[in-house]
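Enquirer: Below are the sequence and a predicted model; questions follow.
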Amino acid sequence: MSSSPPRVLVVGAGLTGSLFACLLRRKLKDRKVHIVVWDKARGAGGRMSTFRPPDPSSHSADLGAQYISTTREYAHSHHSFYSELLAAGVLRPLDCPVEGLRQKDGGVDYVAPLGMSGVVKHFLQQSGAEVLFERQASGLYRRRASWEVRSKQGGGGQFDAVLLTIPVPQILQLEGDLQDVMSSEQKDVLCGVSYSSRFALALFFPPGADVGVPWAIRYYNNYDDGDKANVICYAAVEPRKHATEADASRGPSLVVHTGAPFGLRHVECDIEEVQPIILQELQRLLPSLPQPISIKCHKWRYSQVTSAAAGCSGHMTLSERPLLVCAGDAFTHSNFDGCLVSALSMLDAFADVM
């Protein structure tokens with residue numbers, strides 16, 4: 001038997017992957033384990049990504065999740081995690097003007113002053129994992145007591161256990177022995193997972209620019225203008241969203257998200273086709289916007305889970321020996337607490353094989 005530490009691969013440097021890597025490290029404490037994280041992007045965050053414009057004179061913008069909402073029950077059961085993030089300055093209570101938000105019973109909302117990707121980066125740093133960006137898994141091949149995982153960019157490695165946190169459709173596209181280890185029932189469950197799609201558009205303005213709106217966050221829920229219905233459902237201004245004092249050396253940024261119906265209709269379109277449509281509608285809604293110095297448009301093909309994996313309690317084990325598990329919000333629900341429930345649900349299974 002090899003004396004080298006067991007190797008665990010986490011595919012996806014989003015919230016579930018970073019939380020799990022951190023929690024596994026903490027659970028194993030002094031036991032040696034080599035945790036590796038792959039992500040196809042150039043940085044951590046997944047759907048909690050923060051885009052920093054090429055021109056540093058503008059504020060960054062959250063392109064995915066905008067803030068964290070928790071229920072009263074989760075605020076209690078996950079208190080230690082929220083306390084940790086608040087103490088580290090990664091989160092702070094949402095305290096800014098919000099227009100159009102439907103009333104909620106109880107619960108607390110939090111923003112990330114340094115961007116939502118800071119939440120993911122916090123747990124990733126705590127994990128001590130070896131993180132490899134621009135590394136996309138393309139196939140998994142069973143090699144007796146381990147998995148050989150190959151990368152689309154070339155190369156790969158062998159691992160004693162693998163966790164897949166990427167969207168379910170991407171899991172089902174992986175080559176190799178994955179299809180052979182799954183049961184027909186598991187395939188049916190995974191094929192039943194569905195996601196909404198949407199586009200995010202960020203506009204970056206020069207220092208001193210006035211975006212001409214009184215709010216920090218606004219939801220557009222109540223307008224209907226034919227084909228333009230639900231083009232834009234949400235808008236936020238940085239740094240107002242974080243209720244921090246404006247840095248005079250950096251200009252504001254404005255982020256808008258499209259509605260799910262618009263995303264569904266245009267999901268197969270190129271960004272170059274969709275961006276002018278969003279900008280035209282934004283001009284109609286906010287005619288006094290100044291000229292931006294740069295624009296970033298992003299397509300979220302897999303935005304939020306609309307139908308989760310049936311009968312799963314946070315994850316699905318595809319193979320026990322060698323261990324192969326898939327997890328994430330597709331097995332719970334799309335928010336911070338859902339990802340945390342998923343990460344917690346796998347700890348014992350992975351710790352037992354280390």
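Expert: That came in fine, so what should we check first? Numbers count the residues shown, from 1 in each chain.
Enquirer: Excluding chain neighbours, what is closest to the spatially most central residue of the chain?
Expert: The residue lying closest to the centre of the chain (CA atoms, centre = their mean) is residue 47, at 2.4 Å. Sequence neighbours aside, residue 64 is the residue nearest to residue 47 in space, at 4.1 Å (criterion: CB to CB, 6 or more residues apart in numbering). Glycine gets a C-beta too; all of them are placed from N, C-alpha and C.
Enquirer: got a list of what that neighbour touches?
Expert: Residue 64 is in contact with 45, 46, 47, 48, 49, 116, 200, 300, counting by CB atoms under 8 Å, 6 or more residues apart in numbering.
Enquirer: Now, those residues that are in strands?
Expert: 200, 300 (DSSP state E).
Enquirer: of the contacts of residue 64, buried ones?
Expert: 45, 46, 47, 48, 49, 116, 200, 300 (16 or more other CB atoms under 10 Å).
Enquirer: Redo these as a markdown table? Include distance to residue 139.
Expert: What follows is the buried ones among the contacts of residue 64, written out as a markdown table (distance: CB to CB, whole Å):
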| residue | distance to residue 139 |
| --- | --- |
| 45 | 25 |
| 46 | 21 |
| 47 | 24 |
| 48 | 27 |
| 49 | 26 |
| 116 | 31 |
| 200 | 30 |
| 300 | 25 |
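Enquirer: So which of the residues you listed is the closest to residue 176?
Expert: Of all those, residue 46 has the smallest distance to residue 176: 23.1 Å, by CB to CB.
Enquirer: Sketch out the helices for the stretch 51-200 of the chain, chain order is fine.
Expert: Secondary structure of the stretch 51-200 of the chain (DSSP state H, counting those that start in this stretch): helices at 72-77, 79-87, 117-127, 168-172, 178-181, 184-191.
Enquirer: buried sites along the second one?
Expert: With burial defined by 16+ other CB under 10 Å, the residues of helix 79-87 counted as buried are 81, 82, 85.
Enquirer: what's the spacing between the nearest residue to residue 94 once chain neighbours are set aside and residue 67?
Expert: In space, and not counting its chain neighbours, residue 94 is closest to residue 109: 3.8 Å by CB to CB, 6+ apart. Separation of residue 109 from residue 67 (CB to CB, to the nearest Å): 6 Å.
Enquirer: joint contacts of the two?
Expert: The contact sets of residue 109 and residue 67 overlap at residue 94 (CB under 8 Å, 6+ apart).
Enquirer: Check residue 104 and give its pLDDT.
Expert: Residue 104 carries a pLDDT score of 66 in this model.
Enquirer: where does the protein have low pLDDT?
Expert: Applying pLDDT under 70 to the chain flags the ranges 1-3, 103-105, 222-229, 245-247.
Enquirer: Tell me which residues touch residue 273, please.
Expert: Here residue 273 is in contact with residue 266 (criterion: CB under 8 Å, 6+ apart).
Enquirer: Secondary structure element holding it?
Expert: helix 271-285 (DSSP states H and E).
Enquirer: In that helix, which residues are buried?
Expert: For helix 271-285, by 16+ other CB under 10 Å, it's 274, 275, 277, 278, 279, 281, 282, 285.
Enquirer: And for stretch 256-270?
Expert: 256, 257, 258, 259, 260, 262, 263, 266, 267.
Enquirer: Enumerate every residue touching the last one.
Expert: With contacts taken as CB under 8 Å, 6+ apart, residue 267 has the following neighbours: 197, 299, 301.
Enquirer: Looking at neighbours, which among those is most surrounded?
Expert: residue 197 (21 neighbours; other CB atoms under 10 Å).
Enquirer: ok, that residue to residue 187 distance?
Expert: When residue 197 is compared with residue 187 (using CB to CB), they lie 23 Å apart.
Enquirer: now swap in residue 143 and tell me
Expert: Taking CB to CB, one finds residue 143 at 23 Å from residue 187.
Enquirer: Check residue 144 too.
Expert: Distance from residue 144 to residue 187, by CB to CB: 24 Å.
Enquirer: can you check residue 137 too?
Expert: In terms of CB to CB, residue 137 sits 19 Å off from residue 187.
Enquirer: Who has more neighbours out of these two?
Expert: When neighbours are counted by other CB under 10 Å, residue 137 and residue 187 differ, and residue 137 comes out ahead with 24 against 12.
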